[in-house]
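Colleague: Sequence plus the predicted model coming up.
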Amino acid sequence: MLKRFKPKSEFNRNILTLLTGTTIAQAIPIAITPILTRIYTPEDFGVFTSFLAITVVFGSIANGKYEVAIMLPKKDEDAINIFALGFIISSAISFFLLVLVLLFNEYFVNLLGNEEIGIWLYFLPITVFLSGLWNNLNFFNNRKEKYKDLAKATIIKSIVLATTQLSIGFIKSGVTGLISGQILSQVFANTKLLLNIIQDKVLISKISKTKVRTVAKKYINFPKFLLWGGLANTLSLNLTNILIAVFYSITTLGYYSIIQRLLGIPSSIIGQSIGQVFYKQATKEKQQTGSSIKTFNRTVKKLIIIGLPTFTILFFIAEDLFVFAFGKVWREAGTYAQIVIPLFFIRFISSSVSSTLDTFEKQKISLYLNLLLLVSTTSILLYSSFVGYEFQKFLYLFSTLLSLEYLLFLIYYKKLSYGLKKN
């Protein structure tokens, strides 16, 4: 009976596998968020979001962006050496961050305007390393089509995160539980995915200095262009979180962090899963036909069908939903959420198929687009602060302009996906 409802195509089956795991994983933190907002204050969430933003920024470049190239070689021998290269780079970057934190901790605390984050900066290097390793492992397991293991790792990550944040939150005030949960969850999830690699002794034996140097040169465009593009993209998403605390307040950042958590659900549950499979299938179609337009159109259609009703409902119930779910103190966050919902919707679609750039190895274009995003977000925030806009007015400007940019990106991705057929 159940077999009748099982997707027939490999593409849909892989999406369903990842989607199931991601949905379960995301359901756990969503379910406990009403409890977290009652045992942690908006200020606690503000500190946590600042720490997380810094971690994500450095974590996005921890492997020199070589992890994206893991999908491309025909031979697994080349792929495992790219993995090793990413591991080496992330270790070096983490060590460099450790030296910086040890020498300039007080300076960074003053720069961020937040004394409470000082002690947690010492945990930044290990968190960045774990984040880089997670990205590396995700791409390698995706290459090997270990979708069930990817789903399981995501669930493990979520369970450990929730358990730690709740247990510590009940016995200790402050941000300790939130950040500790983030670190421990990465340790457990990485361990699950790492086993798929270290158990293959034959594959591990093919790692060599010569091969690592060879793949480093062959895929040099990834750190040369994609690294800076990825950094610009990550900064455009996370620098806002850092600067909101500086230009407005840590409490305002706390409100905004809950908005990101709620409105980011479709992207983290659905968009991420579809995006992973999209990259694999788009690459396969491009290798066979020189084009990925069929995969692109099919994916965008799915995203619109799922996203449009979801974000429309959220728009009309946002304020009441925040009060009901998180408590009266979070009503202001619900008001802010309605303003940025259009942005989250178009970003949900555009970002899920942004790997079209990687499929066609358009690293330079990716750099330009992400630099545009970075300049736009930073300029909007700096301008709003300079002219004295209240946070709500800043959000209106921010949501409108960035929605237009993401829409233009989506149009470009479609044009690019025609590939050789267009030419």
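Modeller: That came in fine, so what should we check first?
Colleague: what's the closest residue to residue 36 other than its chain neighbours in contact with, if anything?
Modeller: Spatial nearest neighbour of residue 36, chain neighbours left out: residue 165 (6.3 Å); criterion: C-beta to C-beta, 6 or more residues apart in numbering. Placement of C-beta: from N, CA and C, glycine included. For residue 165, the contacting residues are 32, 36, 177, 178, 180, 181, by C-beta atoms under 8 Å, 6 or more residues apart in numbering.
Colleague: could you dump the residues you listed to CSV with distance to residue 391, secondary structure and pLDDT?
Modeller: Shown next, in CSV, are these (distance: C-beta to C-beta, whole Å; DSSP: H, G, I helix; E, B strand; the rest coil; pLDDT from 0 to 100):
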residue, distance to residue 391, secondary structure, pLDDT
32, 27, helix, 87
36, 22, helix, 90
177, 27, helix, 92
178, 22, helix, 92
180, 29, helix, 93
181, 28, helix, 93
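Colleague: wait, which of those residues is closest to residue 318?
Modeller: residue 36 (18.7 Å; C-beta to C-beta).
Colleague: Which of the contacts of residue 165 sits closest to residue 323?
Modeller: For the contacts of residue 165, the nearest to residue 323 is residue 36 (15.9 Å; C-beta to C-beta).
Colleague: Burial check on that closest one, number of neighbours?
Modeller: Other residues near residue 36 come to 22 when the count uses other C-beta atoms under 10 Å.
Colleague: Start at 23, not 1
Modeller: I'll keep to 23 as the first residue from here, and by that count the last item is residue 58.
Colleague: How much space separates it from residue 357?
Modeller: Residue 58 sits 20 Å away from residue 357, going by C-beta to C-beta, to the nearest Å.
Colleague: Low-confidence stretches in the stretch 223-372 of the chain?
Modeller: 290-291 (pLDDT under 70).
Colleague: do that again at 80, thanks
Modeller: Low-confidence segments of the stretch 223-372 of the chain, defined by pLDDT under 80: 247-248, 250-252, 254-255, 258-259, 286-295, 298.
Colleague: which residues of it fall in helices?
Modeller: For the stretch 223-372 of the chain, the helices defined by DSSP state H, counting those that start in this stretch cover 223-227, 231-240, 243, 249-269, 272-285, 287-288, 294-311, 315-348, 353-374.
Colleague: Which one, of these, ends up nearest to residue 438?
Modeller: Of the helices of the stretch 223-372 of the chain, nearest to residue 438 by C-beta to C-beta is helix 315-348, at 8.8 Å.
Colleague: for that closest one, packing partners?
Modeller: helix 32-61, helix 272-285, helix 287-288, helix 294-311, helix 353-374, helix 413-439 (3 or more C-beta pairs under 8 Å, 6 or more residues apart in numbering; DSSP states H and E).
Colleague: State the mean pLDDT of the lengthiest helix in the chain.
Modeller: Using DSSP state H, we find that the single longest helix of the chain is helix 98-134. For helix 98-134, mean pLDDT is 91.
Colleague: what's the domain layout of this structure?
Modeller: 31-241, 274-445 (automatic domain parsing).
Colleague: distance between stretch 169-183 and the chain's centre?
Modeller: 15 Å (C-alpha atoms, centre = their mean, to the nearest Å).
Colleague: now could you export just the CA positions of that stretch as CSV?
Modeller: Provided in CSV are the C-alpha atoms of stretch 169-183 (Å, rounded to 0.1, in the frame of the first residue of the first chain):
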residue,chain,number,x,y,z
TYR,A,169,21.4,10.5,1.7
LYS,A,170,20.1,8.4,4.5
ASP,A,171,23.3,9.1,6.5
LEU,A,172,23.0,12.8,5.8
ALA,A,173,19.5,12.7,7.1
LYS,A,174,20.5,10.8,10.2
ALA,A,175,23.4,13.1,10.9
THR,A,176,21.1,16.1,10.7
ILE,A,177,18.7,14.5,13.2
ILE,A,178,21.5,13.7,15.6
LYS,A,179,22.7,17.3,15.4
SER,A,180,19.3,18.6,16.2
ILE,A,181,18.7,16.2,19.1
VAL,A,182,22.0,17.0,20.8
LEU,A,183,21.4,20.8,20.2
